[in-house]
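S.K.: could you work out the structure for the sequence below:
(4 chains)
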There are 2 protein chains.
Amino acid sequence: MANARVRLARKPADQYHHGDLQRALLQAAVRTIQKQGVHALTLRAVGEDLGVSRSALYRHFTDKAALLAAVAREGFRMLRIELEGAWEGGGRGRAGFEAMGHAYVRFALAQPSHYRVMFGSGLERNVADPELAEEGTRAFLALVNALVEQQRQGLIRPDDPEQLAHFIWSLVHGISMLAIDGAFRPGTDIELLTRLSLERVHTGIAPELAPDAG
Amino acid sequence: MANARVRLARKPADQYHHGDLQRALLQAAVRTIQKQGVHALTLRAVGEDLGVSRSALYRHFTDKAALLAAVAREGFRMLRIELEGAWEGGGRGRAGFEAMGHAYVRFALAQPSHYRVMFGSGLERNVADPELAEEGTRAFLALVNALVEQQRQGLIRPDDPEQLAHFIWSLVHGISMLAIDGAFRPGTDIELLTRLSLERVHTGIAPELAPDAG
DNA sequence: ACCTGAACACCGTTCAAGT
DNA sequence: ACCTGAACACCGTTCAAGT
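M.R.: Numbers count the residues shown, from 1 in each chain, chains lettered A, B, ... in the order given. Reported below is the predicted structural model:
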């Protein structure tokens, strides 16, 4: 909304359009994907959006897949920040961990197209982008770290943290994907499903038998 | 393999190529997707494969999305049969339920491209195909039924079966998708991850506290 | 160094025409 | 009723040429 104004501001007319076209291309791509979905992302459209030739992109990205990889990388960065924020904000304990789960699913539902690019079919962004891999790993580590810290507090049984992280990541990813794809019944309350699922998970990974049979 | 022979058999040369082109198109599409992925599925290629014009398909499917919907429907049918087989073969109890989980993930890993079409981006097959929805529901019901039967046996706590099914479906779907997309570390043992995950799930959904703290 | 614009090969889809 | 083949609008990508 407010950003739209910025592009109307004065710009050096007889210069190249952007001092940092690479960055502008990435932002335009993210914007298009979030608003209209991946299918609307054509190199022609993103070029037109920036007032630039459709082949100008090839100066900054090797091809469309590389552009999508950059979009995915940006997505993982955003997701990690959300997860860390939820964990900290929730008090780095069981409440914070549950908040992480909700934050994950909420992120996917708020940015479904962006989320799909992050976990793409391999059709798009089939490139083995090392920066993308690293950003994905960092997001995953936010989850692992939260598990380890809870294990230190005796809140979670001392299983292999990475295995536990894989388990929980799979769960929230599955909920997110099925919700995005509309696989659940129309009226399904995703937040409720997430809460109940995390409840079941906790009872499973708790070290002792909690007396909460209420 | 054996089916490849059939197409070499005598055919009425001066007739239309197929008595049931619709069925042949679907089979060719499934074959192409399983062998070469969705990106290789072009209407030109599938037509060429059957010795038919590229626009002949439009007599039998409204468009490419409808063809993909048929592929997805066939996939759900295959998946349901696998799930039911595992449940029955495992003795309709806890072992059978765990076998269902493994069968699900194994199906996805064996037919990754086919599985992706089933849970497509909405990019492809965005059509609201009622037959597809029904076949998907039938596969889901195989899971719900197994849960209800275990609840009757006292093997699972009496939560809402549909919610429990959503929870578990999300888990196995998440494991499958992340494994297909190569999101796990290269050497990751998916079968082991599935087993450990199902173990954690069971401890969570069991009605009583099992004395297996070994 | 950065961008343009024409060209190429490839799509899905349509439609008048054939049998 | 079923299929053909030319045509259309749309892609991503390349490359010689401009500044």
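
S.K.: okay, CA-based contacts and neighbour counts for the rest of this
M.R.: Will do.

S.K.: give me the neighbour count for residue A:203.
M.R.: Residue A:203: 21 surrounding residues under other C-alpha atoms under 10 Å in any protein chain shown.

S.K.: wait, it sits on residue B:202?
M.R.: No: Residue A:203 is beyond contact range of residue B:202, at 9.7 Å (criterion: C-alpha atoms under 8 Å).

S.K.: and the residue of chain A closest to DNA strand C?
M.R.: Closest contact between chain A and DNA strand C, by C-alpha to the nearest atom of the strand, is at residue A:53 (2.9 Å).

S.K.: quick one, what contacts that residue?
M.R.: Residue A:53 makes contact with A:44, A:47 under the criterion C-alpha atoms under 8 Å, 6 or more residues apart in numbering or on different chains.

S.K.: on the three-state scheme, it is what?
M.R.: Under DSSP: H, G, I helix; E, B strand; the rest coil, the three-state class of residue A:53 is coil.

S.K.: again, but for residue A:155
M.R.: Assigned with three-state DSSP, residue A:155 falls in the coil class.

S.K.: tell me the confidence at the closest residue to residue A:72 other than its chain neighbours?
M.R.: Using C-alpha to C-alpha, 6 or more residues apart in numbering or on different chains and skipping the chain neighbours, the partner closest in space to residue A:72 is residue A:118 (4.3 Å). Note on residue A:118: pLDDT of 94.

S.K.: got any ranges where chain A has weak pLDDT?
M.R.: Residues of chain A that meet the criterion pLDDT under 70 lie in A:1-18, A:121-127, A:204-214.

S.K.: tell me which parts of it are close to chain B?
M.R.: Those residues of chain A that sit near chain B, judged by C-alpha under 8 Å from any C-alpha of the partner chain, are A:38-39, A:116, A:119-123, A:163-164, A:166-167, A:169-175, A:177-178, A:181, A:184, A:193, A:197, A:200-205, A:209.

S.K.: just the buried residues of the residues you listed.
M.R.: A:38, A:116, A:119-122, A:163-164, A:166-167, A:169-175, A:177-178, A:193, A:197, A:200-205 (16 or more other C-alpha atoms under 10 Å in any protein chain shown).

S.K.: list the ones among these that fall in helices.
M.R.: In helices, judged by DSSP state H, the following of those are found: A:116, A:163-164, A:166-167, A:169-175, A:177-178, A:193, A:197, A:200-205.

S.K.: burial measure for residue A:110, as a count.
M.R.: Other residues within reach of residue A:110, judged by other C-alpha under 10 Å, total 12.

S.K.: list the residues that contact the nearest residue to residue A:56 once chain neighbours are set aside.
M.R.: Closest residue to residue A:56 apart from its sequence neighbours, by C-alpha to C-alpha, 6+ apart: residue A:47 at 7.5 Å. Going by C-alpha under 8 Å, 6+ apart, residue A:47 touches A:25, A:53-57.

S.K.: with residue A:175 instead?
M.R.: A:105, A:190, A:194, B:167, B:170-171, B:174.

S.K.: check the gap between residue A:145 and residue B:196 for me.
M.R.: 20 Å (C-alpha to C-alpha, to the nearest Å).

S.K.: quick one: list the elements packing against the helix or strand hosting residue A:66.
M.R.: For residue A:66, the host element (DSSP states H and E) is helix A:64-89. Contacts defined by 3 or more C-alpha pairs under 8 Å, 6 or more residues apart in numbering or on different chains; DSSP states H and E place helix A:64-89 against helix A:21-36, helix A:94-110, helix A:112-118, helix A:130-152.

S.K.: does DNA strand C sit close to that helix?
M.R.: No: Helix A:64-89 lies out of reach of DNA strand C by C-alpha under 7 Å from any atom of the strand, never closer than 14.1 Å.

S.K.: how close does the residue of chain A found nearest DNA strand D sit to residue B:191?
M.R.: Per C-alpha to the nearest atom of the strand, residue A:42 is where chain A lies closest to DNA strand D, at 3.3 Å. Distance of residue A:42 to residue B:191, given as C-alpha to C-alpha: 39 Å.
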